[in-house]
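**Student:** Compute the structure for the input listed below.
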Amino acid sequence: QVQLVESGGGLVQAGGSLRLSCAASGRTFSSYNMGWFRQAPGKEREFVARITWSGGRTYYADSVKGRFTISRDNAKNTVYLQMNSLKPEDTAVYYCAAARDYSGSSYTRYDYWGQGTQVTVSS
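**Tutor:** Numbers count the residues shown, from 1 in each chain. Below is the predicted model:
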């Protein structure tokens, strides 16, 4: 069982930056692949970025590649999403998620979810 709590969302102007954090409970955090997803009003939840359990591989949606960076600190049971050059279209609720036996971008395959944190980018 893994419990996830996101933080770091807020209101920022276009071109600005935010750093999201996702703190996980449980001693098995380091065995989970982790992902960030987002959901805007009226839209389906979409993949943003993911990182393998060891942190050795990262993957990004084309829409955020070059602007967002996912990382993790297994000693702190935390995964991060550094978001730079934010755009109004990045506005959404951002969720972190954990997957024990899946490494991919399909949100239906993730086992545990946080409650989400709102990111609003003004133009």
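**Student:** which residues in the protein form strands?
**Tutor:** Under the criterion DSSP state E, the chain carries strands at the ranges 4-7, 10-13, 18-24, 33-39, 46-51, 58-60, 68-73, 78-83, 92-99, 112-113, 117-122.
**Student:** Residue 105 is nearest to which of those?
**Tutor:** Closest of these to residue 105 is strand 46-51, at 3.9 Å (criterion: CB to CB). In short, each C-beta sits where N, CA and C put it, glycine included.
**Student:** okay, the closest one in PDB with CA atoms only?
**Tutor:** What follows is strand 46-51 as a C-alpha-only set of coordinates in PDB (Å, rounded to 0.1, in the frame of the first residue of the first chain):
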ATOM      1  CA  GLU A  46      -3.400  12.700 -19.600                       C
ATOM      2  CA  PHE A  47       0.100  11.600 -19.200                       C
ATOM      3  CA  VAL A  48       2.700  14.200 -18.400                       C
ATOM      4  CA  ALA A  49       5.900  12.400 -17.300                       C
ATOM      5  CA  ARG A  50       7.100   9.200 -15.700                       C
ATOM      6  CA  ILE A  51      10.200   7.800 -14.100                       C
END
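**Student:** helices or strands next to that strand in the packing?
**Tutor:** strand 33-39, strand 58-60, strand 68-73, strand 78-83 (3 or more CB pairs under 8 Å, 6 or more residues apart in numbering; DSSP states H and E).
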